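Trainee: quick one: sequence plus predicted model below, questions after.
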Amino acid sequence: MISKEIANLRRDYSSKKLSAADVNRDPIVQFEHWFQEALDSEIVDATSMTLSTVSPEGRPSARVVLLKGIESNGFVFFTNYNSEKGKHMEHVPFASLTFYWKELDRQVRVEGKVEKISSDASAEYFKTRPWKSRIGAWVSHQSQPIPSRFHLMRKFAIKAGQLMGQEVPLPDFWGGYILKPDRMEFWQGRPSRLHDRINYRLEGENWEITRLSP
């Protein structure tokens, strides 16, 4: 049952508007405009996005990760290849991303195929991570059970001692992915729940733009 207190939680949206006539013909360029506005608005964790994957059994799974790059053909993020999401994308190479910037009453949905980026590109990004984060990538067998936090921190201390004063190499089980969209939707909150929704769908080499009912 939905409690009365939760059911009565609501607010109206009235910050901006979105028109199919005004958006860029390229959804990634349109995303870059909105993303820059989110950064200019000093939104905390504007790069956070919900990555949704599907298991080999067809079960959906979602978690929040960080956007680390915008290319002309997609969105880049990094993770452990042996993590749950990594195994999902190995078996089902399609995923979705959801960005939500509540301060701007905006949401962006991205759907498409996922591919690993090159090991050279992954290594280049890995070098920019803080030293301790690079050590953490080595000692965390992401998504696997561990007996305690002490167990994890002990592994971290041992690995840090082994690599103290050295360059931390890229693990062969860690790297980047690019999600190449074939569908993107831009949602702008509007009054009376009559929100603006502009949908892009890739048809051949061209993007078809349509307005969707809220």
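Mentor: Looks like it came in fine. Quick caveat: nothing in here was measured; it's all calculated off a predicted structure.
Trainee: how about the contacts made by the closest residue to residue 109 other than its chain neighbours?
Mentor: Nearest residue to residue 109, sequence neighbours excluded (Cβ to Cβ, 6 or more residues apart in numbering): residue 185, at 4.4 Å. (Glycine included, C-beta is placed from N, CA and C.) Neighbouring residues of residue 185 by Cβ atoms under 8 Å, 6 or more residues apart in numbering: 108-109, 197-200, 212.
Trainee: now for these, which pair is the farthest apart?
Mentor: Maximum pairwise distance among those (Cβ to Cβ): 13.6 Å, between 108 and 212.
Trainee: show me what the spatially most central residue of the chain is bridged to.
Mentor: Nearest residue to the geometric centre of the chain (Cα atoms, centre = their mean): residue 49, 3.7 Å. Using DSSP bridges, the beta-bridge partners of residue 49 come out as residue 65.
Trainee: for the nearest residue to residue 196 once chain neighbours are set aside, grab phi and psi.
Mentor: Closest residue to residue 196 in three dimensions, ignoring its sequence neighbours and counting by Cβ to Cβ, 6+ apart: residue 18, at 3.8 Å. The phi/psi pair for residue 18 (degrees, to the nearest 10) reads phi -140, psi 130.
Trainee: mind listing what residue 18 touches?
Mentor: Counted by Cβ under 8 Å, 6+ apart, residue 18 has contacts 186, 188, 196-198.
Trainee: would you mind putting those residues into TSV with distance to residue 96 and neighbour count alongside?
Mentor: Putting those into TSV (distance: Cβ to Cβ, whole Å; neighbours: other Cβ atoms under 10 Å) gives the following:
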residue	distance to residue 96	neighbour count
186	14	23
188	19	20
196	20	20
197	16	18
198	17	21
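Trainee: those in strands, which ones?
Mentor: 186, 188, 196-198 (DSSP state E).
Trainee: of the residues you listed, which is the nearest to residue 103?
Mentor: So of these, ranked by how close each gets to residue 103 (Cβ to Cβ), first place is residue 188, at 12.9 Å.
Trainee: surely the closest one meets residue 108?
Mentor: No: using Cβ atoms under 8 Å, residue 188 is not in contact with residue 108; the gap is 10.1 Å.
Trainee: after the helix or strand of the chain with the lowest mean pLDDT, next one along is what?
Mentor: For the chain, counting by mean pLDDT, DSSP states H and E, helix 4-7 ranks last in confidence among helices and strands (a mean of 60). Per DSSP states H and E, helix 4-7 leads on to helix 27-40 as the next helix or strand towards the C-terminus.
Trainee: show me where this protein has helices.
Mentor: Taking DSSP state H as the test, the helices found in the chain are 4-7, 27-40, 84-91, 119-126, 131-139, 149-163.
Trainee: kindly export the second one (C-alpha atoms) in PDB.
Mentor: As requested, the backbone C-alpha atoms of helix 27-40 are provided in PDB (Å, rounded to 0.1, in the frame of the first residue of the first chain):
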ATOM      1  CA  PRO A  27      21.500  14.600 -29.900                       C
ATOM      2  CA  ILE A  28      25.000  14.300 -28.500                       C
ATOM      3  CA  VAL A  29      25.600  18.000 -29.300                       C
ATOM      4  CA  GLN A  30      22.300  18.800 -27.600                       C
ATOM      5  CA  PHE A  31      23.400  16.700 -24.600                       C
ATOM      6  CA  GLU A  32      26.700  18.700 -24.500                       C
ATOM      7  CA  HIS A  33      24.600  22.000 -24.300                       C
ATOM      8  CA  TRP A  34      22.500  20.600 -21.400                       C
ATOM      9  CA  PHE A  35      25.600  19.100 -19.700                       C
ATOM     10  CA  GLN A  36      27.400  22.400 -19.800                       C
ATOM     11  CA  GLU A  37      24.400  24.100 -18.300                       C
ATOM     12  CA  ALA A  38      24.400  21.600 -15.500                       C
ATOM     13  CA  LEU A  39      28.100  22.300 -14.900                       C
ATOM     14  CA  ASP A  40      27.500  26.000 -15.000                       C
END
